[in-house]
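Participant: predicted model follows, preceded by the sequence.
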Amino acid sequence: HRMQTSAPRAEPIVLLEGILDVLSAGYVWNAWDTRLIKIVKSEKTFLKRGYLLRLYNSDKTWQQTAADQFYLATISSLVKREPNLIDITTSEPSRQANSSFTFRASNTKERDTWIANLQRFMKENHELREQAKKDIEEKNQRRRERREVAEQGKASFVAQIPKWPQFDEADIKSVTDMLESGKWWCGFPATPQGEAYWKFQKDFAKWIGVKHCFAVTNGTHALDVALAALDIGLGDEVIVPDMTFIASSNAVVVNNAVPIFCEIDKKTCNIDILKIEPLITPKTKAIVVVHLGGMPVDMPKIMSIAKNFNLKVVEDCAHSHCSQYQGKMLGTFGHVSCFSFQGSKLLNSGEGGAICTNDDDLQSKIYGIVDCGREFGKGAYHHATFGSNYRLSVMQCALLSTQLEKMKEQSEIRNRNGILLANLVNEIPGLVTQERLPEVDRCGYYVFMIQYDPVKFHAMSKEDISRYLNFRGIPTQISYPPLHTLDVYRQCRLKKGIDYSNANWYGGNGQFPVTEDVYRCAIEFPQHLFLGSEDSMRYIASCLKDLLEYGPNDLEPEEAPNVKESPSLARMAGRKLVGLE
């Protein structure tokens with residue numbers, strides 16, 4: 001420390017040993033200067049406001065560690081706080097294990113003032129460190145109490161989660177009877193064999209409320225066949241919601257047509273009916289309507305648009321075996337409807353699907369495509385149209401017949417619990433569920449979708465929220481990514497010879513901000529949770545409230561104090577720090 005005057009350089013009168021140990025004790029000042037750190041790392045010197053700072057360590061090389069950065073930030077803070085401190089320079093270490101600093105003052109008064117300020121700094125540092133320890137311990141105690149309550153609630157909730165799939169003696173008997181009958185193949189309409197195949201088709205048609213039902217290999221093939229039966233083909237365009245499983249759009253591609261993606265409504269998460277008409281061109285031939293999660297679309301409005309533009313409507317009911325709208329089951333509004341019996345669906349045979357219609361002419365076309373081009377009433381080797389083999393196995397139909405009876409009872413439980421949870425969740429700030437239109441009589445709740453506000457929920461990602469809920473014992477699942485973001489469409493890895501250049505997603509340039517926003521902030525619960533108790537619904541809502549109030553880390557392992565105390569800090573904070581050189 002030298003004076004900025006022309007006076008002779010003063011002899012050093014103060015020597016503080018071990019100050020590195022003190023200043024790197026673990027407390028980080030708010031005056032952390034990142035620019036200082038950056039400059040020192042590159043230049044090893046720092047010039048600011050006329051003060052020169054040069055650092056040496058035991059081996060005279062710059063150590064780019066957190067301790068070094070803390071040391072520099074603390075020195076910078078001291079320089080700013082002490083207007084009488086003009087210059088700080090380090091002397092080379094007198095011992096390998098311990099660096100020393102020499103502070104030279106022009107007189108004893110100046111020295112004592114600086115020493116007093118340093119003592120105050122040491123004492124404040126110590127007090128802040130002790131308070132930090134106390135705060136952390138109190139926080140950890142609250143965590144321990146909440147964790148104990150959470151573990152009790154989690155154990156009770158997990159024990160009550162219904163298993164899926166569910167089966168009983170009736171299912172076993174139905175499949176066993178089919179096996180013992182020896183009729184493992186369905187045969188033909190004129191000469192039927194496997195009774196379970198024909199029985200299930202009749203029972204499911206009655207449940208939905210349609211005249212005709214065809215049990216097929218899966219829900220994806222059901223869509224393929226339905227569009228083919230509607231004569232969708234080369235050069236045609238079909239409108240599909242941007243948020244759905246890829247089968248809804250791939251079925252269009254399979255039939256050599258071009259899918260046109262439509263934005264979804266942010267509230268219902270279903271196709272935005274107001275965005276459909278602007279997408280219609282002379283090439284548009286059909287609309288695929290997906291009831292996402294089983295939540296019904298306003299089908300009368302869809303059918304009105306279709307009538308005005310002479311379009312066909314395919315209802316994708318993979319999620320909506322039990323949903324009702326205006327007193328009618330979903331699957332009865334469109335020209336044709338398609339269902340899935342994949343393992344997670346409300347009606348489940350591992351794999352499987354169904355095509356339903358009230359149109360007699362369409363029935364004949366569907367049968368021909370499903371059963372190798374055959375016609376009703378004709379021989380086994382009479383192939384009048386092009387078709388393939390999409391028939392579902394008799395064994396799966398035997399299982400579906402008994403599962404259908406269970407689903408009827410389960411649908412009422414899901415609907416009741418879904419309404420309860422929606423009411424509870426919508427009371428929590430920053431959360432909103434799929435909008436349920438007033439005309440909805442029953443929702444199947446294949447999935448239960450929640451959108452959250454990241455601002456209110458601690459800037460968390462949906463993966464963060466899912467991890468927290470899973471930690472509390474609640475299973476979650478991810479929502480379908482927008483179709484236009486998938487590589488197969490973004491990079492146009494589709495069929496050769498088909499012109500996709502006019503599609504609104506071609507080249508990855510599609511603009512679907514609503515769909516992207518919903519996908520980014522959507523969390524889903526699987527359908528089997530809604531077969532549980534009302535207390536289970538309240539537990540889910542309470543966990544979401546806890547997440548909002550306490551944040552994602554509240555139930556993580558306890559926070560370690562991590563406040564290192566310098567061996568000399570407490571001692572130095574209580575006595576005069578003066579050493580004469």
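Facilitator: Here it is on my side, so go on.
Participant: hey, let's count contacts and neighbours off CA atoms from now on
Facilitator: Will do.
Participant: so how far is Tyr468 from the spatially most central residue of the chain?
Facilitator: Centroid-nearest residue in the chain: Lys462, 3.6 Å away (criterion: C-alpha atoms, centre = their mean). Counting by C-alpha to C-alpha, to the nearest Å, the gap from Lys462 to Tyr468 is 10 Å.
Participant: what do you get for Gln451?
Facilitator: 16 Å.
Participant: ditto for Glu151
Facilitator: 13 Å.
Participant: okay, the two: which has more neighbours?
Facilitator: Between Glu151 and Tyr468, Tyr468 has the larger neighbour count (other C-alpha atoms under 10 Å), namely 21 against 15.
Participant: how about the more buried one, nearest residue that isn't a chain neighbour?
Facilitator: Once flanking residues are discounted, Tyr468 sits nearest to Pro552: 6.2 Å by C-alpha to C-alpha, 6 or more residues apart in numbering.
Participant: follow-up on the earlier one: list the contacts of the residue nearest to the centre of the chain.
Facilitator: Contacts for Lys462 (C-alpha atoms under 8 Å, 6 or more residues apart in numbering) come out as Arg520, Cys521, Ala522, Ile523.
Participant: SS state for Trp354?
Facilitator: If you look again at residue 354, you'll see it is Ala, not Trp. strand (DSSP: H, G, I helix; E, B strand; the rest coil).
Participant: who's in contact with it?
Facilitator: Ala354 neighbours (C-alpha under 8 Å, 6+ apart): Cys213, Phe214, Ala215, Val216, Asn218, Gly219, Ala222, Cys338, Phe339, Ser340.
Participant: bridging residues for Leu431?
Facilitator: Tyr452 (DSSP bridges).
Participant: now the strands: where do they sit in the stretch 301-450 of the chain?
Facilitator: With DSSP state E, counting those that start in this stretch as the criterion, the stretch 301-450 of the chain has strands at 312-316, 324-325, 328-329, 336-340, 353-357, 431-433, 440-442, 447-452.
Participant: now the stretch 151-300 of the chain
Facilitator: 212-216, 237-241, 258-262, 284-290.
Participant: so what touches the second one?
Facilitator: Under the contact criterion C-alpha under 8 Å, 6+ apart, strand 237-241 has outside partners 248-249, 252, 257-264, 270-271, 276, 279, 283-290.
Participant: the longest one now?
Facilitator: Identification of contacts with strand 284-290 by C-alpha under 8 Å, 6+ apart yields 232, 236-241, 244, 248, 270-271, 297, 306, 310-317.
Participant: buried among these? Make that a ChimeraX selection.
Facilitator: Remark: buried members of these, expressed as a ChimeraX selection using 16 or more other C-alpha atoms under 10 Å:
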select :232,236,237,238,239,240,241,244,248,270,271,297,306,311,312,313,314,315,316,317
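Participant: can you give me the distance of Phe376 to His335?
Facilitator: In terms of C-alpha to C-alpha, Phe376 sits 21 Å off from His335.
Participant: looking at those two, which one has more neighbours?
Facilitator: In terms of neighbours (other C-alpha under 10 Å), His335 is the more surrounded of Phe376 and His335; the figures are 19 against 12.
Participant: what's the closest non-adjacent residue to the more buried one?
Facilitator: His335 sits nearest to Val313 (C-alpha to C-alpha, 6+ apart), 5.5 Å away.
Participant: pretty sure the one you found is touching Cys338, no?
Facilitator: No - taking C-alpha atoms under 8 Å as the definition, Val313 is not a contact partner of Cys338, at 11.1 Å.
Participant: now list whatever residues contact both of these two.
Facilitator: Going by C-alpha under 8 Å, 6+ apart, no residue sits against Val313 while also sitting against Cys338.
Participant: next, count neighbours for Val440.
Facilitator: 17.
Participant: my bad, should have said Gln160
Facilitator: Neighbours of Gln160 (other C-alpha under 10 Å): 15.
Participant: how close does Ala228 get to Ala503?
Facilitator: In terms of C-alpha to C-alpha, Ala228 sits 20 Å off from Ala503.
Participant: who has more neighbours, those two?
Facilitator: Comparing Ala228 with Ala503 by other C-alpha under 10 Å, the one with more neighbours is Ala228, at 20 against 16.
Participant: what residues are up against the residue nearest to that one when sequence neighbours are not counted?
Facilitator: Once flanking residues are discounted, Ala228 sits nearest to Asn255: 6.4 Å by C-alpha to C-alpha, 6+ apart. By C-alpha under 8 Å, 6+ apart, the residues touching Asn255 are Asp224, Leu227, Ala228, Ile232, Gly233, Leu234.
Participant: what's the burial count for the fifth one?
Facilitator: By the measure other C-alpha under 10 Å, the count of residues near Gly233 is 18.
Participant: how far does the helix ranked longest in the chain sit from its chain's centre?
Facilitator: Ranked by residue count under DSSP state H, the longest helix found in the chain is helix 108-160. Distance, stretch centre to chain centre, for helix 108-160: 33 Å (C-alpha atoms, centre = their mean, to the nearest Å).
Participant: so what does that helix touch, helix or strand wise?
Facilitator: Applying 3 or more C-alpha pairs under 8 Å, 6 or more residues apart in numbering; DSSP states H and E, one finds that helix 108-160 contacts helix 534-550, helix 569-573.
Participant: who wins for proximity to Gly331 among those?
Facilitator: helix 534-550 (28.8 Å; C-alpha to C-alpha).
Participant: which other helices and strands contact the closest one?
Facilitator: By 3+ C-alpha pairs under 8 Å, 6+ apart, helix 534-550 packs against helix 108-160, helix 394-425, helix 462-471.
Participant: just checking, Asn470 touches Glu463?
Facilitator: No - look at Asn470 against Glu463 with C-alpha under 8 Å: they stay out of range, at 10.3 Å.
Participant: neighbour-wise, which of those two wins?
Facilitator: Glu463 (16 against 13).
Participant: okay, that one and Glu127: tell me how far apart.
Facilitator: Applying C-alpha to C-alpha to Glu463 and Glu127 gives a distance of 39 Å.
Participant: before we move on, back to that, closest to Lys301 among the contacts of Lys462?
Facilitator: So of these, ranked by how close each gets to Lys301 (C-alpha to C-alpha), first place is Ala522, at 26.4 Å.
Participant: what's around the nearest residue to the closest one once chain neighbours are set aside, how many residues?
Facilitator: Once flanking residues are discounted, Ala522 sits nearest to Gln451: 4.5 Å by C-alpha to C-alpha, 6+ apart. The tally of other residues near Gln451 (other C-alpha under 10 Å) stands at 22.
Participant: which residues touch Gln451?
Facilitator: The neighbourhood of Gln451, defined by C-alpha under 8 Å, 6+ apart, consists of Leu431, Val432, Thr433, Val518, Cys521, Ala522, Ile523.
Participant: and Leu494, how far from Phe200?
Facilitator: With C-alpha to C-alpha as the criterion, Leu494 and Phe200 are 36 Å apart.
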